[in-house]
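1. Sequence and computational prediction follow.
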Amino acid sequence: MQHFPCPFCGLRNETEFHFAVEAGHSRPEPAERVSDAEWAAYLYANKSPKGESREVWLHLSCGEYFILSRDTVTRAVLGSVTLPGVTR
Amino acid sequence: MTGWRHQTLGRNIDRSKPLRFSFDGQDVDGFAGDTLASALIASGQRILGRSFKYHRPRGLWGMGAEEPNAVLDVRHGSEHWPNTRATLARAQDGMTVTSVNAWPTARGDMFRLMDLAHRFLPAGFYYKTFMALPWRFYEPMIRRMAGLGRVDPSCAPRADVAQVSAECDVLVIGAGPAGIAAAKAAAETGKRVWLVEESSQLGGTLRWRGGEIGGTPWQEFAAATREIVLAAGGRILTETTLWGAFDHGSFAAWERGVPERHWRIRSTRTILASGGIERPVWFANNDLPGVMSAEAAFHHLILYGAAPGRRVLLAMASDRGVPVARALTDAGVEVTLVDARKTPVDCGVPRVTGRIEAAHGRRGVDSATVNGKRIACDTILCAGGTTPTLHIWCQAGGKLDWDASRDMLVPRPGTAPMTVVGAAAGVLDLETAVEDGWAAGSEIEATNRPAPKSPPDHVFRPDPSLPGRQWIDLQNDVTLKDVTLAAREGFSSVEHLKRYTTLGMATDQGRTSNFAGLTAMAAVTDRTIPATGTTTYRPPFQPVPLRAIAGPARGALYHAPKRLTLEDMHRAAGARFREYGGWLRPATYGAGDETTVARIEAQTARQSVGVFDASPLGKLDVIGPGAADLLDFTGYVRMSTLKPGRARYGFMLSETGIVYDDGVVLRLAEDHFLVSTSSSHVEGVRYRLEDARQDRIGRGRVFIHDITQGFTTLTVTGPKAREMCRKAGIELPDLPHMGVGQTSFEGSPMRVARISFTGDLSYELSVPANLAHALHDRLDTALPEVGGCWIGLEAVLILRAEKGFILIGKDTDGATMPHDLGWGGPRTRREDEYIGKRSLFTPEAQGDKRRQLVGLRVRDGDAVIATGSHLIEDQGARRSLGFVTSSCFSPTLKRPIALALLENGRDRIGGSVQVFNDGEVRSAEVTMACAFDPKGEYLDG
Ligand SMILES: [Zn+2]
């Protein structure tokens, strides 16, 4: 059972969290000016790094999305921050 | 009859409390405190089971979880424990104990002839032989002969194991000398220490070997440890199996005492002091009853006074066997040491230099060949060396290194987040083990000691040059020849060896066999031990009953469904309940065939009025100046153009353009919407809305609240809905179809919405849950006056199917886009951004072979089409064009109806397709999805 730090609630069991998306992808828009290839890359081309990664996770208990940095090999948690511009 | 009970030895037994249990029909006498193993040895029972494959007689080997042979079926009162290790179970008066894998008993097993056929049953026999016919042909026969205990379905285990989560500063696993030293040291620094021990007492091997810790008798040290650990807020769990190491310092432990508990422990720091177990010595027939671990014999003698025999040979290659020999001699046993070392040390016990080449005897050891000479004996004890117990280390990701100087695999420092001390770290010397434990507990560096330089004088290994069968794995009946065969056939990786021969599987998980298998494979393939590799250790450390892990989460408590506020009233009305989308809801009301009842309810709703409980429909309050923006972005149908007091049907898409959910959005005020979702999608929709709120619209501009469970919604539907509400004393506001208003009910506001899921005039009446019963009573009283009735979900599903109204996930699949459902409008008209938009314009989304929602009308008879049937062309190749998603008999139209996803379905309306199911082909006409009242003339009643 991993232990993840929600920036709002602190350390909680992994069963309280859902993975949302890999961090750092911005949604290409407007749709009319986005090519098929660009859109497919946005939907499916994840980096899935071996090692340090930045991901958006959802803490189901409080409903907040946040950014979790972790190592996908050692499972070490490197830190968590709120979405940009959010104050606690 | 070789085993016996010593007159005075036996610290753990209470001779004033005798007990009696039966083993394979024979009475066995013991004392309170005995394990099944000690009582069986002391009573002279030798054959405790039959081996897995060859049905050879087997006796007791060990003293704990490593026991490969004495796996027993135990019944006591209404309790039943199949596959109990005799070494781990306390003997209780009145138990009925039987051997497993033997018929009728272990002594007189009818399958023992299997052993004569051993040359025809080599490793991989099953894989090679049973290929000619399907496995199911052989399976019943093989299953009867193989396997261990049987589960008795009539003994339902109690669902009463408490599940407890806990945390501690320092977790110490194992309460041997190193473990109690670590626990005491850590507790002295003020840490909350949890000390978990498999057996019933602290002390580990000191309990039979004796000794001092830091100049104090070990018992005093153990008592002081207990005191200080408890004083510092820690806990000591004995008779507790720590069975799994998981991520981030979490562990699972099963406490077997009274009360029985299952623990999930999270520790900041972990010290592993799990000790080691003794290895066997390999010679021909080393599986005979009477061949036993020397350490186990020592343990059984001192703690229980149970001696294995009168004339004992003890094979050893280090001084660890010497105290065992002395203790047995003192107890009156005739002991001869068989010392494999070239330069043995004199220890005052008769000694032969050399090795045992074979054991002899039919039902147990009666003699042995030592250096080519036959020696009479009734017991052979093996001190083959020590294997550190590192399952937990490996489960946590730890790696192992081969240490030739100690002849063992030891933990590679820094590869798992725990400190290993004592025998588990390969340290067998008591003083050093205690010192290391103390250092780990107080978080100081252990004193540097030079490692022993020279490898041991002699190490035991399986020897291919000896004649006869040498057993590598007693539990799985693997011999040295099987390992040789596996190597010859190319299964030379240890992981392959394990699968091919089953070595190291089952309840002992290779505790006594892995090292032998590994060294044998290394010898046979002429490789080093590190090059041969080790197998992976996975939880559980030893068998744990599923009952302990499941706890009370069984039956109705396993994934408990949500319950309706009005469940009691529906039950009183005779409702039959079923789970729909995570909610327990009425399927039908009253007795009788369910299909028939559902049709009658649907018909009543069409003719007069039906009332159903629609409370599970999700209700999400979306409030704030950004509410309309949020719903426009997250939805497919625009909601910003909706007028307050009106409702609109819409979809929510994934970014892939696939329909995720559908539902009606009510605009209650300019800045207040109520989003209704499918009952199973409330959470999912809420988190999608939150995502857009937090990452796009702005968290200060809009708020989202899930109010689903705070309200009860009863839907009144049918031509007499209005009349019925009036008779119930409900003052309906004047509403158009898809209008939302409010009225007063018992002094509280009641929301009224004219939304129809049936095609008839419908009023959704929503009140706070505390008024649910009042509303129910009013409607229930009025229902008979208009000839109406309560209708269950089955009837509702018929009514909606008649109208062609879809259920997401039933009438749609993972490829369905809104334009496939006939909702192409927003796609062509909307210029603003919304989730999934871009995906609706890919070549795939614009293709001309999309599966579209249609209805079907069979041309042959009144039989309902099977849901899931494939649709194929009338002529030509049999290719699936789609499938039937919903199907039922329409009591309104008096014919079967069906919904389907059909390739190019809309262009095929009026044409025909064939419906294929299980070899049967029927003919159907393709129609509009809506079969009843396509013009909507019934909507106003
Ligand atoms: Zn949180």
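-> The structure has been received and is ready for your questions.
2. Let's see the distance spanning stretch B:468-486 from one end to the other.
-> 18 Å (CA to CA, to the nearest Å).
3. Centre of the chain to it, how far?
-> Computed by CA atoms, centre = their mean, to the nearest Å, the separation of stretch B:468-486 from the middle of its chain amounts to 32 Å.
4. Can you list the buried residues in it?
-> B:469-486 (16 or more other CB atoms under 10 Å in any protein chain shown). For every residue, glycine as well, the C-beta is placed using N, CA and C.
5. same deal with stretch B:929-941?
-> Neighbour-count burial for stretch B:929-941 flags B:929, B:930, B:931, B:932, B:938, B:939 (criterion: 16+ other CB under 10 Å).
6. Just the terminal-to-terminal distance for that stretch.
-> Start-to-end, stretch B:929-941 (CA to CA) is 22 Å.
7. what does stretch B:694-701 give?
-> Using CA to CA, one end of stretch B:694-701 lies 10 Å from the other.
8. anything in that stretch sitting right up against the ion?
-> No - if you take CB under 5 Å from the ion as the test, stretch B:694-701 misses the ion, and the best it gets is 12.3 Å.
9. Where do the strands of chain A begin and end?
-> Here chain A has its strands, by DSSP state E, at A:3-6, A:10-13, A:17-22, A:52-59, A:64-71, A:77-82.
10. Keeping just the C-alphas, turn stretch B:804-812 into PDB.
-> Coordinates of each C-alpha in stretch B:804-812 appear next as PDB, following Å, rounded to 0.1, in the frame of the first residue of the first chain:
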ATOM      1  CA  GLY B 804     -35.900   3.800 -27.700                       C
ATOM      2  CA  PHE B 805     -34.400   5.600 -24.700                       C
ATOM      3  CA  ILE B 806     -30.800   4.300 -24.200                       C
ATOM      4  CA  LEU B 807     -28.900   3.100 -21.200                       C
ATOM      5  CA  ILE B 808     -25.200   4.100 -21.400                       C
ATOM      6  CA  GLY B 809     -23.000   1.000 -21.400                       C
ATOM      7  CA  LYS B 810     -25.900  -1.200 -22.400                       C
ATOM      8  CA  ASP B 811     -27.100   0.400 -25.700                       C
ATOM      9  CA  THR B 812     -23.700   2.000 -26.300                       C
END
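11. Check what contacts that stretch and list those residues.
-> B:659-662, B:678, B:680-681, B:757, B:797, B:800, B:820-821, B:853, B:855, B:885-886, B:899, B:901, B:928-931 (CB atoms under 8 Å, 6 or more residues apart in numbering or on different chains).
12. So which of those sit within strands?
-> Per DSSP E, the subset of the contacts of stretch B:804-812 in strands is B:659, B:660, B:661, B:662, B:853, B:855, B:885, B:886, B:899, B:901.
13. ok so, going back, residue B:159 is nearest to which of the strands of chain A?
-> Nearest to residue B:159 among the strands of chain A is strand A:10-13 (23.0 Å), distances taken as CB to CB.
14. Could you list the buried residues of that closest one?
-> Buried residues in strand A:10-13, defined by neighbour count with 16+ other CB under 10 Å: A:12, A:13.
15. for stretch B:532-549, same thing?
-> Quick answer for stretch B:532-549 (16+ other CB under 10 Å): B:532-535, B:537, B:540-545, B:547-549.
16. for the spatially most central residue of chain A, what are its contacts?
-> For chain A, the residue nearest the mean C-alpha position is residue A:56 (1.3 Å; CA atoms, centre = their mean). For residue A:56, the contacting residues are A:19, A:20, A:21, A:22, A:23, A:65, A:66, A:67, A:68, A:83, by CB under 8 Å, 6+ apart.
17. That one bridge partners, please.
-> residue A:21, residue A:67 (DSSP bridges).
18. how much space between it and residue A:66?
-> To residue A:66, residue A:56 is 7 Å away according to CB to CB, to the nearest Å.
19. do the same with residue B:92
-> Counting by CB to CB, the gap from residue B:92 to residue A:66 is 54 Å.
20. rewinding a little: let's see which of the buried residues of stretch B:468-486 end up in helices.
-> B:480, B:481, B:482, B:483, B:484, B:485, B:486 (DSSP state H).
21. Run through the residues of chain A sitting next to chain B.
-> A:1-3, A:14, A:18, A:20, A:28-31, A:34, A:36, A:39-40, A:43, A:58, A:60, A:63-65, A:75, A:77, A:83, A:86 (CB under 8 Å from any CB of the partner chain).
22. Just the buried ones among the contacts of residue A:56, please.
-> Here, 16+ other CB under 10 Å leaves A:20, A:23, A:65, A:66, A:67, A:68 buried among the contacts of residue A:56.
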